[in-house]
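Enquirer: Sequence first, predicted model second:
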Amino acid sequence: MAITPDALKRRIDQALGKARADLVVKGTRFLDVASGEIRSGDVAIGGATIVGTCETYSGIREIDGRDLVVVPGVIDTEKERDRLQRDLKKLEKELGVLEKKLRNPSFVERAPEAVVEKSNRDATELREKRERLEAALNSL
């Protein structure tokens with residue numbers, strides 16, 4: 001994907017701290033894949049590109065990364081977004097089937113209580129997983 005000269009200048013300014021990055025993950029520990037060392041600092045992101053690490057950056061959006069170990073460059077965010085979207089679509093389909101079954105009075109009345117309880121637990125777990133997938137998607 002080609003980048004315009006203006007966009008490139010913006011990324012460079014973000015990397016140098018002259019402009020706020022689009023997103024900054026504050027206070028992370030990250031693995032330097034070249035040296036194998038764990039370093040501390042912020043991770044600055046401009047667009048879909050990591051523009052800086054190890055320094056303190058200011059961002060338009062900032063999130064707390066104190067509990068994170070980041071491995072820059074190892075995860076392709078576009079592929080990860082596609083994977084999460086596929087997983088979410090599959091989960092929504094499964095959840096839809098379960099919720100339809102649980103709304104069916106005939107199923108609820110005739111199925112053994114243990115089966116209905118398991119279906120309710122499964123639906124709850126799928127809703128929680130959906131929240132986690134949506135949060136992961138929103139963080140990319």
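Expert: Okay, I see it.

Enquirer: Who are the packing partners of the helix or strand containing Glu134?
Expert: Glu134 is located in helix 113-139, with elements delineated by DSSP states H and E. When contacts are defined as 3 or more C-beta pairs under 8 Å, 6 or more residues apart in numbering; DSSP states H and E, helix 113-139 sits against helix 77-103. Bear in mind the C-beta positions are built from the backbone N, C-alpha and C, glycine included.

Enquirer: got the angle between the helix it packs on and helix 113-139?
Expert: 150 degrees (axes from the mean of the first three to the mean of the last three C-alpha atoms, to 10 degrees).

Enquirer: Show me what counts as buried in the helix holding Glu134.
Expert: 116, 119, 123, 126, 130, 133 (16 or more other C-beta atoms under 10 Å).

Enquirer: Next, format those as JSON lines and append distance to Asp76.
Expert: Below are these laid out as JSON lines (distance: C-beta to C-beta, whole Å):
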{"residue": "Val116", "distance to Asp76": "42"}
{"residue": "Ser119", "distance to Asp76": "37"}
{"residue": "Ala123", "distance to Asp76": "32"}
{"residue": "Leu126", "distance to Asp76": "27"}
{"residue": "Arg130", "distance to Asp76": "23"}
{"residue": "Leu133", "distance to Asp76": "18"}
